[in-house]
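# Requesting a structural model of the entry that follows:
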Amino acid sequence: MARLILVCGPIGVGKTSYSISLAKEIGAVRFSIDPWMQTLYSKDMTGLDFAWMMERVHRCYEQIWEVSAQILAIDGTVILDLGFTTRELRDFFANRARELGISAEIHYLDAPTAVRKQRVEKRNAEKDPALYAFEVTDSMFTFMEPRFEVPTPEELVNGRKVTA
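The predicted structure is shown next:
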């Protein structure tokens, strides 16, 4: 039976580590946005232009969904580690899943800000290739912090909250 899992949480909470572990545990195909952006666009970035970056992120979302839909059509399991900062984005992918007759599961990871900040600093220092696509600077962390929208109880009906 096809299964789609959307992993969300604020920056530094461990979404990629969680997704890697879960994919191994349940035999899923995992897509993470950071390596896609790093591979396809990092050499083209001349600065931190949010609009430029988001336009390319959305291109990646479309291609990731195209491949995901093929996997789901053959009853595969897909984990999307795309940040899912907003409800709008979570709804976008959940609605696409519904069109395929699948109820998306949202796995919401949560941890205190200080813990997440420490994790980001550790990741930046260690540069583990499995987890490190790019450095998250203090300004990036601060910029993204207020943008995360916590999932509503309705969004978590098919999912779960994980204290990371």
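# can you pull out the helices in the chain?
Counting by DSSP state H, the chain has helices at residues 15-26, 33-41, 50-73, 87-99, 113-126, 138-144.
# how about these, which one is nearest residue 154?
Closest to residue 154 of the helices of the chain is helix 87-99 (CB to CB; 9.9 Å). Placement of C-beta: from N, CA and C, glycine included.
# buried residues in that closest one?
Buried residues in helix 87-99, counting neighbours by 16 or more other CB atoms under 10 Å, are found at 87, 89-90, 92-94, 96-97.
# can you put these in CSV and add pLDDT?
What follows is these, written out as CSV (pLDDT from 0 to 100):
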residue, pLDDT
87, 96
89, 95
90, 97
92, 96
93, 97
94, 97
96, 97
97, 97
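# residue ranges with poor pLDDT in the chain?
47-48, 128-134 (pLDDT under 70).
# Which residue is most remote from the mean position of the protein?
Largest separation from the mean C-alpha position in the chain: residue 46, at 24.0 Å (CA atoms, centre = their mean).
# any idea which of the buried residues of helix 87-99 is closest to residue 74?
Residue 74 lies nearest to residue 97 out of those, by CB to CB, at 14.8 Å.
# With adjacent residues omitted, what lies nearest to the closest one?
residue 104 (4.3 Å; CB to CB, 6 or more residues apart in numbering).
# Okay, that neighbour and residue 69: tell me how far apart.
12 Å (CB to CB, to the nearest Å).
# quick one: which of the two has more around it?
Neighbours were counted for residue 104 and for residue 69 using other CB atoms under 10 Å; residue 104 has more, 22 against 17.
# doesn't residue 124 make contact with residue 136?
Yes. Between residue 136 and residue 124 a contact is recorded at 6.4 Å, counting by CB atoms under 8 Å.
# tell me the contacts of residue 29?
Taking CB atoms under 8 Å, 6 or more residues apart in numbering, we find residue 29 in contact with 23, 68, 71, 76-79.
# one step back: of all the helices of the chain, which lies closest to residue 155?
Residue 155 lies closest to helix 87-99 among the helices of the chain, at 6.3 Å (CB to CB).
# Show me what that closest one is in contact with.
Outside helix 87-99, the residues that touch it by CB under 8 Å, 6+ apart are 4, 6, 8, 65, 69, 72, 80, 82-84, 103-104, 106, 149, 151-152, 155.
# dump the residue contacts of the residue nearest to residue 97.
Counted by CB under 8 Å, 6+ apart, residue 104 has contacts 4-6, 90, 93-94, 97-98, 158-159.
# Any chance of a ChimeraX selection covering the buried ones in the contacts of helix 87-99?
A single ChimeraX command selects the buried members of the contacts of helix 87-99 (16+ other CB under 10 Å):
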select :4,6,8,65,69,72,80,82,83,84,104,106,149,151,155
